[in-house]
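J.: what's the 3D shape of this:
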Amino acid sequence: MTNNLIIVESPTKARTITRFLDKQYAVKSSMGHIRDLPKTKLGIEIDNGFCPHYQIIPGKKRIVSELKRASSSAEKVIIGTDEDREGEAIAWHIVEAVHIDPQKIERIVFHEITPSAIQHALEKPRSIDMKLVEAQQARRVLDRLVGYKLSPFLWHKIGRRLSAGRVQSVTLRLIVEREEEIEKFQPREYWDITATFVSSGVPNQEWQAKLVERDGKKLKQFDIQDKQTADGVVRLLQDGKWIVSRVETKPRQRNPQPPFITSTLQQEASQRLHFSPKKTMAIAQQLYEGIEIDGNQVGLITYMRTDSTNVASEAQKLARQMLEKWFGAKYIPSQPRVWRTKAKLAQEAHEAIRPTDVKMRPDDIRPSLTEEQYKLYALIWKRFLASQMSSAVYNQTTIDITRDQFLFRAQGRQIVFPGWLALLEERSDEKDQNALPHVSTGDCLVPKEVLPNQHFTEPPPRYTAGTLIKDLEKYGIGRPSTYAPTITTLLGRGYVKQVSGKLYPQKIGRQTNELLTKNFSSIIDIEFTAKMEDSLDEIAVGRADWHKIIKEFYDPFEKTLLHAEQNVERVHHPVRQSDEKCPLCGANLVIREGRWGEFLACSNFPKCRYTRELSQETTDEICEKCGKPMVVKRSRYGKFLACSGYPECKFTKRIQPDARNK
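T.: So this is what the prediction gives:
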């Protein structure tokens, strides 16, 4: 008979847990958050200690009523939301909104959704951690104050539908400043000299040595700055003996990387799988909550929002057993590897991202997974197992070749024992590099050719989603749960455009960044934002009061905002004439600037509201309603097909593969 109620966030999570428990437990889902600050107003009493006013999220009243009915008849109400600050806050909001009897409440936490983990959690319930709740509440209040105060400022000074945010605006600043650095970059010319040799006894096997010293002095990058100087060096090398002056081979080790945390998973999935951070987290959520395999709902990975590299001893033990079985004893170190967490106060969970059962090999369960689920699971599975394997061992060889006052050097390495590379052998950067021949000190060599090579310094690369997350983590901006939504917001607002994986700031993004950095430099600042994250961490461990943290931020912020509102002039968007006529009223069309860039609009606005994109992509498709050609248009959700007869015909449809002309 059911007499205990477990409440979790997700229906998938609820279904997975239900299969592990007997009938004395009923498992229900809150469908995520059930309370939040109101959307249409600030919802914070600034003069009353920044007291937040929460309300039931529209559409969630039915869920709250169902939870009330279920909890009223239950002996115990067990809250099993995720083990991070947001999960703790959701648990508290459920208790507050549903009005659960405090005597009934138990809070359980688990890193993975497996029978043993759930049973262990049920045996060790705890109370809701109000320090974590307050830390999350402080973040929510802080972000609401910044967003709801700065966004209207942007509307008045630049245009409607813009937004600002404590983390979002600093992230935009990074992207804009990187682009400005690229634009200002002046390349510098430099040359190097390379000698090519042919291995004796091995036809067509060539190896190279690079000029590194002259007259006993190490050559610096710009010591040879032009072709004339480079050609002069090559002429001096035409005659004379090339003598091997040193041969040195040293053993080296390469350790595996630690198991994934949220940021490194997003970076690696971006680089290797070309997944956006949002997509990575959505798929990881599916793997965590449970996939049906052979009729059973199975949680495949541990919790995916974490900044901890800790691994449970049971998981280490099983990984070592399976590695010894699959590869042999020499492929596991004498002691399990323990990884040190880099985060100052790792609070997002207590384990790294790993498979719940390493015996579930990706290829074995591939039929039960989508292709994207398989790729991400394989990435996590291999990374975790590799993190528990022996180091790779290789020989690094250095050959110095002397030609009078010139010293050339060749370096290469050869894998002696692959260790963890046996599992990640597809990584090209870990293979043998520049395999060198066997030579001895005193050997005379004859180069096949000596060539000067021209180079130019390059600007820093544009950010990708992965490299941006890497810098956000390095600077301490945001936390694991904020990376993906921050990037999604920047793209959705039109501040940034993604082309071939690279992030380009758009004009509206540059204007927004310039306005904010000029007038709120102390807030839209990397160091300030990082310190604020540290303060939020202090709240989570009970070493700071959240009201005091918010007040120390808000008082100077309010003064700065008032000064900016009174003294900053509105950014004017010039209207330019075009050569086209409005198809509706015959008036001239003008070029205006909007959220998504420039567009054509009727000069007779607001009497005539005709608009279209500045340059439309035509297609071979015909409108199903009026027979006119369909064109490609853009919205915040991406591209779609629309009738070229708009606004008379408002027919639209999704773009299908090959729908557009190439």
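
J.: Walk me through the domains of this protein.
T.: The chain breaks down into these domains under automatic domain parsing: 4-128, 137-184+462-567, 189-255+392-456, 262-387, 576-653.

J.: Could you dump the ones you listed into a markdown table with mean pLDDT added?
T.: A markdown table is the format used below for these (pLDDT from 0 to 100):
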| stretch | mean pLDDT |
| --- | --- |
| domain 4-128 | 95 |
| domain 137-184+462-567 | 93 |
| domain 189-255+392-456 | 90 |
| domain 262-387 | 92 |
| domain 576-653 | 80 |
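
J.: can I get those domains in JSON lines with mean neighbour count?
T.: Heads up, the C-betas are built off the backbone N, CA and C, glycines and all. Written out in JSON lines, the entries for those read as follows (neighbours: other C-beta atoms under 10 Å):
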{"stretch": "domain 4-128", "mean neighbour count": "17"}
{"stretch": "domain 137-184+462-567", "mean neighbour count": "18"}
{"stretch": "domain 189-255+392-456", "mean neighbour count": "15"}
{"stretch": "domain 262-387", "mean neighbour count": "19"}
{"stretch": "domain 576-653", "mean neighbour count": "15"}
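
J.: Which residues does the helix or strand hosting Ala195 contact?
T.: Per DSSP states H and E, Ala195 falls inside strand 189-198. Residues from elsewhere that reach strand 189-198 (C-beta atoms under 8 Å, 6 or more residues apart in numbering): 204-211, 221-222, 224-227, 229-230, 233-234, 237, 242, 401, 408, 445-457.

J.: now the helices: where do they sit in the stretch 401-550 of the chain?
T.: 465-475, 480-492, 507-519, 526-540, 546-567 (DSSP state H, counting those that start in this stretch).

J.: do you know which of the ones you listed lies nearest Tyr25?
T.: The closest of those to Tyr25 is helix 480-492. By C-beta to C-beta, the value is 28.2 Å.

J.: which stretches of the stretch 251-400 of the chain form helices?
T.: Under the criterion DSSP H, counting those that start in this stretch, the stretch 251-400 of the chain contains helices at 262-268, 277-289, 313-327, 362-365, 371-387.

J.: Can I get the shortest one in PDB? Just the C-alpha atoms.
T.: Output for helix 362-365, consisting of C-alpha atoms alone and laid out as PDB, is shown next (Å, rounded to 0.1, in the frame of the first residue of the first chain):
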ATOM      1  CA  PRO A 362      28.500   2.300 -25.500                       C
ATOM      2  CA  ASP A 363      28.500  -0.200 -28.400                       C
ATOM      3  CA  ASP A 364      26.500  -2.800 -26.400                       C
ATOM      4  CA  ILE A 365      23.600  -0.400 -25.600                       C
END
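
J.: contacting residues around that helix?
T.: Residues outside helix 362-365 that contact it (C-beta under 8 Å, 6+ apart) are Ile291, Ile293, Leu300, Tyr374, Tyr377, Ala378, Trp381, Lys382.

J.: So which of those residues is the closest to Val590?
T.: Nearest to Val590 out of the contacts of helix 362-365 is Tyr374 (C-beta to C-beta; 51.5 Å).

J.: isn't that closest one right up against Arg361?
T.: No. Between Tyr374 and Arg361 there is no contact under C-beta atoms under 8 Å: 11.1 Å.

J.: Distance of the closest residue to His156 other than its chain neighbours relative to Arg19?
T.: Using C-beta to C-beta, 6 or more residues apart in numbering and skipping residues adjacent in sequence, the residue nearest His156 is Arg570, 6.8 Å away. Arg570 sits 59 Å away from Arg19, going by C-beta to C-beta, to the nearest Å.

J.: How about Arg609?
T.: For Arg609 relative to Arg19 (C-beta to C-beta), the value is 55 Å.

J.: again, but for Leu379
T.: Applying C-beta to C-beta to Leu379 and Arg19 gives a distance of 26 Å.

J.: One more: Tyr377?
T.: Taking C-beta to C-beta, one finds Tyr377 at 20 Å from Arg19.
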